[in-house]
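**Student:** The amino acid sequence is not available; the structure is as follows:
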């Protein structure tokens with residue numbers, strides 16, 4: 001806002017030819033008082049000027065413009081609005097001054113949250129120009145974005161960028177950021193990602209890259225998202241734990257369990273993520289999916305030392321069964337039973353099979369006898385018992 005008011009003041013200072021010398025001199029005096037920090041004295045000088053001289057329409061416009069600027073500087077926004085409205089309504093106000101006044105009104109309404117009035121000023125400003133400059137497109141985009149018309153704001157910013165590039169001029173980063181924000185607010189995440197990519201090409205900072213990854217995620221492009229997050233991780237630039245958790249989840253989603261396990265393992269070892277029971281259990285599952293049996297076993301064995309519950313012992317038993325380590329499987333199943341496993345019948349059947357394959361037939365028979373007491377597995381248990389009875 002202050003930028004446009006300063007521009008307006010410079011426009012006024014640079015176009016004094018139509019003012020009478022006496023008016024010009026007293027306006028200069030008022031401005032000098034304002035620049036010295038005596039705003040109230042400057043306003044008093046303007047009041048004296050208007051009471052002592054019969055001002056022309058243009059002279060009054062200049063006075064009202066300076067009055068609006070002084071009121072704004074003093075924080076009196078309503079008074080500033082009133083003064084600038086008087087300039088806008090003055091038919092003798094010079095065109096450059098009128099354009100600058102509409103910009104000032106636009107920002108005052110915008111700051112006050114009166115978006116309909118701000119939009120009206122922009123439209124009045126645009127109507128005075130056959131073709132909007134890139135700067136005016138940006139001005140309109142700012143108001144439209146604030147009013148919630150994000151698609152229209154994005155279109156104005158697209159035109160602003162194209163206009164700057166057509167003139168061979170650099171496009172400010174702030175324009176690209178605003179364009180991306182409007183596209184994102186409009187839900188056009190793919191287009192927003194393309195604009196964000198331009199910012200990344202200019203400055204591949206972690207912040208820009210993380211924003212790009214987020215846009216790829218919202219656009220439903222997980223492979224591109226994981227590629228960006230992976231590059232940040234490998235360079236030690238992945239900020240915060242949220243991005244790390246996202247990377248691990250993406251690896252799982254894309255069926256890359258080994259990468260997910262390695263990142264999660266490092267995060268737990270380094271204390272970046274808390275080594276909770278669920279995270280350590282998840283790590284064991286990832287090692288299993290990646291066919292890293294020894295790492296999965298080591299993870300589970302450490303876990304049951306800290307959390308000796310039935311479910312973890314069952315998971316450890318399954319791992320031992322896969323590796324045909326029947327003794328270890330039987331021991332883990334026994335621990336699960338001792339800790340009140342929910343599905344006791346199935347666990348007893350699994351224990352009987354493990355003991356049988358271990359060569360411990362008497363222990364296997366005992367497990368099947370217990371399983372036979374549960375109706376759900378009685379028939380299976382009796383088949384095994386019959387098979388054992390036929391063994392020499």
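**Tutor:** Right, received. Where do you want to start? No experiment lies behind these values; they were computed from the predicted model shown.

**Student:** mean confidence for the one helix or strand residue 312 maps to?
**Tutor:** Per DSSP states H and E: residue 312 is located in helix 310-322. For helix 310-322, mean pLDDT rounds to 91.

**Student:** Show me what that helix is in contact with.
**Tutor:** Outside helix 310-322, the residues that touch it by C-beta atoms under 8 Å, 6 or more residues apart in numbering are 281, 284, 288, 293, 296-297, 300-301, 303-304, 326, 328-330, 332-333, 335-337, 339-342, 347, 350, 354. C-betas here are computed from N, CA, C, even on glycine.

**Student:** Likewise for stretch 324-338?
**Tutor:** With C-beta under 8 Å, 6+ apart as the criterion, stretch 324-338 contacts 304, 308, 310-311, 313-314, 316-318, 320-321, 344, 347-348, 350-351, 354-355, 357-358, 360, 363.

**Student:** out of the contacts of helix 310-322, which are inside helices?
**Tutor:** Secondary structure from DSSP state H places 281, 284, 288, 293, 296-297, 300-301, 303-304, 326, 328-330, 332-333, 335-337, 347, 350, 354 of these in helices.

**Student:** What subset of those residues is buried?
**Tutor:** 281, 284, 288, 296-297, 300, 303-304, 326, 328-330, 332-333, 335-337, 347, 350, 354 (16 or more other C-beta atoms under 10 Å).

**Student:** Look at the closest residue in space to residue 317 that isn't next to it in sequence and report its pLDDT.
**Tutor:** Nearest non-adjacent residue to residue 317, counting by C-beta to C-beta, 6 or more residues apart in numbering: residue 332, 3.7 Å away. In this prediction, residue 332 carries a pLDDT score of 93.

**Student:** cool, and residue 279?
**Tutor:** The model's pLDDT for residue 279 equals 95.

**Student:** Please apply the same query to the one 5 residues further on.
**Tutor:** In this model, residue 284 is scored at 94, pLDDT.

**Student:** same thing with residue 73?
**Tutor:** So, for residue 73, pLDDT stands at 89.

**Student:** quick one: it and residue 37 touch, right?
**Tutor:** No. Using C-beta atoms under 8 Å, residue 73 makes no contact with residue 37, being 9.7 Å away.

**Student:** More neighbours: which of these two?
**Tutor:** residue 73 (15 against 9; other C-beta atoms under 10 Å).

**Student:** burial of residue 391, as a residue count?
**Tutor:** Considering only other C-beta under 10 Å, residue 391 is surrounded by 8 other residues.

**Student:** From residue 304, how far off is residue 344?
**Tutor:** In this view, residue 344 and residue 304 are 19 Å apart by C-beta to C-beta, to the nearest Å.

**Student:** same thing with residue 38?
**Tutor:** From residue 38 to residue 304 the distance is 80 Å (C-beta to C-beta).

**Student:** how about residue 253, what does it touch?
**Tutor:** residue 222.

**Student:** Next, the buried residues of stretch 149-162.
**Tutor:** In stretch 149-162, counting by 16+ other C-beta under 10 Å, buried: 149, 150, 152, 153, 154, 155, 156, 157, 158, 159, 160, 161.

**Student:** And stretch 206-222, by the same measure?
**Tutor:** Buried residues in stretch 206-222 (16+ other C-beta under 10 Å): 208, 209, 210, 211, 212, 213, 214, 215, 216, 217, 219, 221.

**Student:** roughly how far out does it sit from the chain middle?
**Tutor:** Mean C-alpha position of stretch 206-222 versus that of the full chain (C-alpha atoms, centre = their mean, to the nearest Å) differs by 8 Å.

**Student:** Residue 152 contacts residue 144, correct?
**Tutor:** Yes. Judged on C-beta under 8 Å, residue 152 makes contact with residue 144 at a distance of 4.7 Å.

**Student:** what's around residue 371, how many residues?
**Tutor:** By other C-beta under 10 Å, neighbour count at residue 371 equals 25.

**Student:** quick one: average pLDDT of the helix or strand harbouring residue 227?
**Tutor:** If you go by DSSP H and E, residue 227 is part of helix 222-234. Mean pLDDT, helix 222-234: 97.

**Student:** swap in stretch 109-121?
**Tutor:** Stretch 109-121 comes out at a mean pLDDT of 89.

**Student:** same deal with stretch 147-163?
**Tutor:** 95.

**Student:** With stretch 97-106 instead?
**Tutor:** On average, stretch 97-106 scores 88.

**Student:** Report the buried residues of it.
**Tutor:** 97, 98, 99, 100, 101, 102, 103, 104, 105, 106.

**Student:** No more questions from me, cheers.
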